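> Sequence first, then the predicted structure, then my questions.
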Amino acid sequence: MSPDVSPWPELAFLVPPGEVRDWRMVLLYDAAVDNGLVDALPASAADLAADRGLAAHAVGVVLDGLALWDIVTVVDDGVYAPGPAAPDADATAVLRHHARAIRGWSAITERVRGVPPDPNRMTPGGVEIMLDALAVMGRGSAPDAVDACLAAAAGAGAATVLDLGGGHGQFAAEFARRGLRVVLQDRPEVIDLVRHKGWLDGTGVELFGGDFFETSPDEAFDIVFCAGVVYTMDGERVVRLLRRVRPLIAPGGHLAVHTFLRDTDELATLFSAQMLGGVAGGQSHGEDDLRRWFADAGLRTVATRRLSRRPEWMLFAAPGAT
């Protein structure tokens, strides 16, 4: 009955078979957080329901369920309090993203029948939940990824970075900590969220709001860094993106793509299944596919490097023929 204590580090279902968190706990916890129960403890189910206009029976069922994982505990007279395995803020972000992933996996049967995902499925609240979780993982991934980028630029040096689709900003912040000037570009609503959350306050990272298929900063960069973007697209969109990126690479600079590669790790295989549930065209692409798309966009592949964290890879490309 005792679970592992928090933090619980897995991102959605990006873990080996047999190691994924119990879906029942994940959905119970998401329901508790989403309805403001967790932050209001200690309290009774009746008081929580009355204060929030909720169904008292359902509140009690959710909290009793979470007690099985020691996330909450019953202290006395039906009063619930945080338990010894209560998730911290980072673990909460990850677990809420777990819940979104479960809902995506449940839609896979529709994808098999050819029904595309709803392009408007992502609500503003859903974007925040996703980026909160990705920030947790990004903090762990960023140092190794930035090391790889700076090693690739060692001959020419690097002073400027465009973090394209940088979202939560953890990679951008790591580049800035290394002394580079960094511009983070993402959709306007994501940039608004970054400002609202204060994720990059005090880092010196510059923010640029705009769809990168429509606009980009009016300058070139030594490193164009692109993490967690290409695996959300099919090949045609990847090539379109790369063609827009090419003029943004300064002479002697390079494009750095942080992604997962098909057929290199069981986690990459499972990630493709996860993307199938919710993202049209999204998957772990093969290295040969990416090399071909680089060439189609006028880029040559410079190097491929496996990072220490599964299933992460870096591919480096520069303008010019293969």
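The structure has been received and is ready for your questions.
> tell me, what residue is most central in the chain?
Leu134 (3.2 Å; CA atoms, centre = their mean).
> ok, and the closest non-adjacent residue to that residue?
His168 (5.2 Å; CB to CB, 6 or more residues apart in numbering). Backbone N, C-alpha and C define where each C-beta goes, glycine included.
> pretty sure the one you found contacts Leu131?
Yes. Using CB atoms under 8 Å, His168 is in contact with Leu131, at 4.6 Å.
> Those two: which has the busier surroundings?
Set His168 next to Leu131 and count neighbours by other CB atoms under 10 Å: His168 wins out with 27 against 23.
> and the more buried one, what is it in contact with?
Contact partners of His168, counting by CB atoms under 8 Å, 6 or more residues apart in numbering, are Leu131, Asp132, Leu134, Ala135, Gly138, Val194, Trp199.
> What is the nearest of those residues to Ala55?
Nearest to Ala55 among those, counting by CB to CB, is Asp132 at 27.1 Å.
> Identify the residues contacting Gly209.
Per CB under 8 Å, 6+ apart, neighbours of Gly209: Gln185, Asp186, Arg187, Pro188, Val190, Ile191, Asp192.
> Count the residues that sit near the third one.
It refers to Arg187. There are 15 residues near Arg187, going by other CB under 10 Å.
> what's the nearest residue to it if we skip its chain neighbours?
Asp211 (5.8 Å).
> State the three-state secondary structure for the one you found.
Classification of Asp211 using DSSP: H, G, I helix; E, B strand; the rest coil returns coil.
> mind giving me the domain ranges of this structure?
As assigned by automatic domain parsing, the chain contains the domains 23-106, 141-319.
> Indicate which one of those is closest to Val112.
So among the domains of the chain, domain 141-319 is nearest, using CB to CB, at 8.5 Å.
> residue furthest from the geometric center of the protein?
The chain, CA atoms, centre = their mean, max distance from centroid: Asp77 (41.1 Å).
> low-confidence ranges in this structure?
1-14, 120, 155-156, 322 (pLDDT under 70).
> what about the longest helix in it?
Determined from DSSP state H, the single longest helix within the chain is helix 124-152.
> And that helix, how far out from the chain middle?
Relative to the chain's own centre, helix 124-152 is displaced by 7 Å; criterion: CA atoms, centre = their mean, to the nearest Å.
> Name the next helix or strand downstream of that helix, please.
Proceeding N to C from helix 124-152, the next assigned helix or strand is strand 160-164, under DSSP states H and E.
> next SSE after that following strand?
With secondary structure assigned by DSSP H and E, strand 160-164 is succeeded by helix 170-177.
> Could you list the buried residues of that following helix?
For helix 170-177, a neighbour-count test (16 or more other CB atoms under 10 Å) marks Gln170, Phe171, Ala172, Ala173, Glu174, Phe175, Ala176 as buried.
> Helices of the stretch 1-150 of the chain, start to end?
Ranges of helices in the stretch 1-150 of the chain, per DSSP state H, counting those that start in this stretch, are 23-34, 45-52, 56-67, 89-105, 108-112, 124-152.
> From Trp23, how far off is Arg240?
36 Å (CB to CB, to the nearest Å).
> what's the neighbour count on the residue nearest to Arg187?
11.
> next one: phi and psi at it?
phi -60, psi 120 (degrees, to the nearest 10).
> circling back: so for the residue farthest from the centre of the chain, what's the nearest residue that isn't a sequence neighbour?
Nearest residue to Asp77, sequence neighbours excluded (CB to CB, 6+ apart): Ser44, at 7.5 Å.
> what bridges to the one you found?
Ser44 has these beta-bridge partners by DSSP bridges: Val79.
> mind giving me CSV with the domains of the chain and columns for distance to Gly126?
Below are these laid out as CSV (distance: least, CB to CB, whole Å):
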stretch, distance to Gly126
domain 23-106, 6
domain 141-319, 10
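> Cool, thanks, signing off.
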